[in-house]
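Student: quick check, what structure comes out for this input:
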Amino acid sequence: MTNDEMTKKTLIDLSHTIEHGTLTYRGLPAPIVCDYLSREESRKIYAPGTEFQIAKIEMVANTGTYLDCPFHRYEQGKDLADISLEQFANLPAVLVRADFRKTKAVDIDFFEGIDVRGKAVLVNTNWSEHWGADAYFENNPFLTEAAAAFLVAGGAVLVGIDSHNIDDTNGNIRPVHTVLLGNDVLIVEHLCNLHLLPGEGFLFSAVPPKFRGVGTFPVRAFATL
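Tutor: Predicted structure coming up:
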């Protein structure tokens, strides 16, 4: 690829901003973002005119836009350190539109006729419009268990959604997490800006840090057009 070809690529940010007090999931604590070393304190350490800030962040792994891998659901499943870059970087992707105003349950019919093999499948429900409001946490759109099984059978490698959860949160079972993560299909939740994407012909990336013993972590998700 030439430099000119690289500069023609368009990157679309699909992640929510995380800041002090951002609430992602009701019942889980919001992140604490503060100074470990403030600029004022650093002036006591470094030469005149030289200063630094070192931030301190305290948060649960399910914060902001994040990726779930099998360890999140299964004790013996792959954790973040086990997942190869090829599983969440530069994936060929397709977009499915399922506006929450028309349906909350995204079933098989939304995916029929779409080639998902080896691809990231992103579901645009427009629920991200509620981000930051109480409405975001209630009666969110979700995939059905049958849809999850259909995507597994079709060979999808990652499924993302711009909703509060890929599962129906009105109950305490999580069949979509169970089916997808049980088949090593990764999940990205709390996406945004999916309405800016075409139906196909783009790449998707959502790369977390390489943590051992962690099954979920925030990502900077983006599309390359």
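Student: so what's the nearest residue to Ala81 once chain neighbours are set aside up against?
Tutor: Sequence neighbours aside, Arg212 is the residue nearest to Ala81 in space, at 4.4 Å (criterion: CB to CB, 6 or more residues apart in numbering). No exception for glycine: its C-beta is placed from N, CA and C like everyone else's. Arg212 sits next to 79-81 when contact means CB atoms under 8 Å, 6 or more residues apart in numbering.
Student: below-threshold pLDDT in this protein: ranges please.
Tutor: For the chain, the stretches with pLDDT under 70 are 1-7.
Student: shouldn't Trp131 be in contact with Glu189?
Tutor: No - look at Trp131 against Glu189 with CB atoms under 8 Å: they stay out of range, at 11.9 Å.
Student: which of the two has more neighbours?
Tutor: Ranked by neighbour count (other CB atoms under 10 Å), Trp131 and Glu189 place Glu189 first, with 24 against 18.
Student: ok, the more buried one - contacts?
Tutor: Counting by CB under 8 Å, 6+ apart, Glu189 has contacts 65-66, 68, 160-161, 163-166.
Student: list the contacts of Arg97.
Tutor: Contacts of Arg97 (CB under 8 Å, 6+ apart): 124, 199.
Student: hmm, 6 Å instead?
Tutor: Asn124 (CB atoms under 6 Å, 6 or more residues apart in numbering).
Student: for the helix ranked longest in the chain, what is the distance to the chain centroid?
Tutor: Longest helix of the chain, by residue count under DSSP state H: helix 145-154. Computed by CA atoms, centre = their mean, to the nearest Å, the chain-centroid distance of helix 145-154 equals 19 Å.
Student: same deal with stretch 153-171?
Tutor: Its chain's C-alpha centre and that of stretch 153-171 lie 10 Å apart, by CA atoms, centre = their mean.
Student: turn the contacts of Glu189 into CSV, columns for neighbour count and distance to Lys119.
Tutor: CSV is the format used below for the contacts of Glu189 (neighbours: other CB atoms under 10 Å; distance: CB to CB, whole Å):
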residue, neighbour count, distance to Lys119
Thr65, 25, 19
Tyr66, 26, 20
Asp68, 25, 18
Gly160, 28, 11
Ile161, 29, 15
Ser163, 27, 19
His164, 25, 24
Asn165, 20, 22
Ile166, 26, 16
